[in-house]
Every structure is written in C-alpha cells, then in structure tokens.
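Model the structure of this input:
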Amino acid sequence: MLTTFLKNQYTELIESLQAHGNAVNEGSIIFITNSLGEIIYADEKLIEISNFSAEGFKEKNFENLISNQKPGLAKNEIWKAFKSGKYWHGELRQKTKDNNYYWLHSFIMPVRNEKNEIVQYLAISSDITDKKENENQIERLQQEIKIREELLRT
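Okay, here's the model as predicted:
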C-alpha cells in the first residue's frame, strides 16, 4: 500500500515537473554555452528568429551574440557578472544571419558542477522585438511632433 502511494506521488511529481518544463519551453527562448562562452545548445525558437541553423550557432560564441550592443553598455556588465559568478538580466540586441536585428530580454545564469566551478551558462529569454520596434516608432513620432511644433512657432 505504501509502495503504491509513493509510486503515485512520484508519478504526479514527474507529470507536474514536465508540465512546468513545457510551460517554460513554450514561452521562452533558451540557449546554453560552455564555460568559455561557446554556444552548445540553441532551442528552435532562437534558431527560427535568428535564421541561423543549429550548426550555425555552434560556430558562434556568446561574445558574437552580445557584440551588437551599444559600445560597452551591456557587454561589460554581462562579463563582469559572469566573472564574479553572478547572474545577469537585461535586454540584448542580436543580429540575424541576414543582418536584421531582434531583441531578447534575457536572464543568464552560471551553471556549476559539484566542485562549485562554472561549467555552463544558461540563458532564458523572451523575444521583445515587437516591443522595441513600437518604442522606436513612438520615439520617432515624438521627435516628428516636436519638429512640427517648432515649425508652427516660427
């Protein structure tokens, strides 16, 4: 009787964990690098929005992904956090294979082994390209309104 109860509890726990994992996978973009920053895994969503193949990603490293930021902005923050063993979160502008841009809001954390050494970095991200494009459009419209208001005053 106890064995059946434990098996049922175990089954429910596994199903719950699978459901949570599916929810994270469905709503997130995930990539993993080794400790050197070489990309060892990119999920299907990242492959789709970037237009790179899975093999194309394996030829890149994290340095390539963060090189499209404003000079020194996020890049230094990210590496500083990584070297201190901390996590980083923020917005990253990425370049697609065909030289367009997409934006990710990312949470990147170190993954440690049993000796507490960093062996990988795990990034869980969401695509915020539409949000950033809307923000840019609003900014352009505000500038246009300001110019027109100045013309009306003269």
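
what's the strand or helix carrying Leu151 in contact with?
In this structure, Leu151 is located in helix 129-153 according to DSSP states H and E. With contacts defined as Cβ atoms under 8 Å, 6 or more residues apart in numbering, helix 129-153 is touched by 49, 91, 93, 101-103. The way it works is simple: take the backbone N, C-alpha and C, and place the C-beta from them, glycine included.

What are the boundaries of the strands in the chain?
29-34, 39-42, 88-95, 101-112, 118-127 (DSSP state E).

Now render those strands as a markdown table, adding mean neighbour count.
Formatted as a markdown table, the strands of the chain follow (neighbours: other Cβ atoms under 10 Å):
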| stretch | mean neighbour count |
| --- | --- |
| strand 29-34 | 20 |
| strand 39-42 | 19 |
| strand 88-95 | 18 |
| strand 101-112 | 18 |
| strand 118-127 | 18 |
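
In a markdown table: these, plus distance to Glu139 and mean pLDDT.
Listed next are those as a markdown table, based on distance: least, Cβ to Cβ, whole Å; pLDDT from 0 to 100:
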| stretch | distance to Glu139 | mean pLDDT |
| --- | --- | --- |
| strand 29-34 | 25 | 90 |
| strand 39-42 | 31 | 88 |
| strand 88-95 | 15 | 86 |
| strand 101-112 | 15 | 91 |
| strand 118-127 | 20 | 92 |
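
Now distance to Leu6 too, for these, in CSV please.
CSV is the format used below for the strands of the chain (distance: least, Cβ to Cβ, whole Å):
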stretch, distance to Leu6
strand 29-34, 32
strand 39-42, 34
strand 88-95, 38
strand 101-112, 30
strand 118-127, 31
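
Low-confidence regions, the chain specifically.
1-2, 17, 20-26, 59, 62-75 (pLDDT under 70).

Go again with 90.
1-28, 31-42, 50-101, 148-154 (pLDDT under 90).

Just the buried positions in the helix holding Leu151, please.
Within helix 129-153, the residues scored as buried using 16 or more other Cβ atoms under 10 Å are Lys132.

between that helix and strand 101-112, how many degrees?
Per axes from the mean of the first three to the mean of the last three Cα atoms, to 10 degrees, the angle that helix 129-153 makes with strand 101-112 is 130 degrees.

chain center to helix 129-153, what's the gap?
The chain centre lies 28 Å from the centre of helix 129-153; the measure is Cα atoms, centre = their mean, to the nearest Å.

Specify the angle between it and strand 88-95 in degrees.
80 degrees.
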